[in-house]
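In: From the sequence below, what's the structure:
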Amino acid sequence: MKNLQITAYTQHFIRQQVMPGDICIDATMGNGNDTALLSRLAGEKGHVIAFDIQKQALEHTAERLLKDGCPENYQLFLDSHENMMNYAKPDTVSCITFNLGYLPGGDHSIATKADSSKKAVEAGLRLLKKGGLMTLCIYSGGDTGFQERDAMLDFIRQLDPHKYLVIQSEYANRPNDPPIPVLIIKL
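Out: Model (predicted):
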């Protein structure tokens, strides 16, 4: 593998999942990397919805999408990911991606929080269609990162195994609380 970053790991599975014409959600658009990937994969007939609470993230993502020549199949919302049910219908979304933590290069005091992230994941699970994929990159650290990590891991472990397949990976030999990649497939 060329790139062993957590985002490259989850993007490998996103590439396998998303087909032209799919509806996808980037729940935490950040600098737009996942939004751009989803846009290219979903193609002109697809649709990508992306969320962030920081204007800087929305601006960076819009610039990235234009720079990368992505199809104009996306909507960027300055809104919390926990409100995604207002933007898509249940059982229609092929792929949802989350990067929990703070905006890379941004203000570290502004980060995702356990309560809103849990609500967003719950909403996302209702939006996913059968066979749909949700990816979570769980970063810990900072003021609330460990609390969010622990709450998210506890939550996903309790998902009904008849409705969801949850795969949690780990970097077993990396120091300093490495990120945790999680895949959730709606059965």
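In: Pass me the low-pLDDT residue ranges in this protein, would you?
Out: 1-3, 102-112, 141-145 (pLDDT under 70).
In: Repeat the analysis, applying 80 as the threshold.
Out: Along the chain, the parts satisfying pLDDT under 80 run over 1-4, 101-114, 140-145, 176.
In: how about the helices in it?
Out: Shown for the chain, the helices assigned by DSSP state H span residues 6-17, 33-42, 55-67, 114-127, 145-157.
In: ok and the third one relative to helix 33-42, angle-wise?
Out: Pointing back at helix 55-67 there. 40 degrees (axes from the mean of the first three to the mean of the last three C-alpha atoms, to 10 degrees).
In: just the longest one next, same as before
Out: Angular relation of helix 114-127 and helix 33-42 on a 0 to 180 degree scale: 0 degrees, by the same axes, to 10 degrees.
In: Mind giving me the packing neighbours of helix 114-127?
Out: Counting contacts by 3 or more C-beta pairs under 8 Å, 6 or more residues apart in numbering; DSSP states H and E, helix 114-127 is packed against strand 93-100, strand 128-138, helix 145-157. To be clear about C-beta, it is placed using only N, CA and C from the backbone, and glycine gets the same treatment.
In: Tell me, how many residues neighbour Ile53?
Out: 18 (other C-beta atoms under 10 Å).
In: nearest residue to it other than its sequence neighbours?
Out: Ser80 (5.6 Å; C-beta to C-beta, 6 or more residues apart in numbering).
In: Since that was my last question, I'll sign off now.
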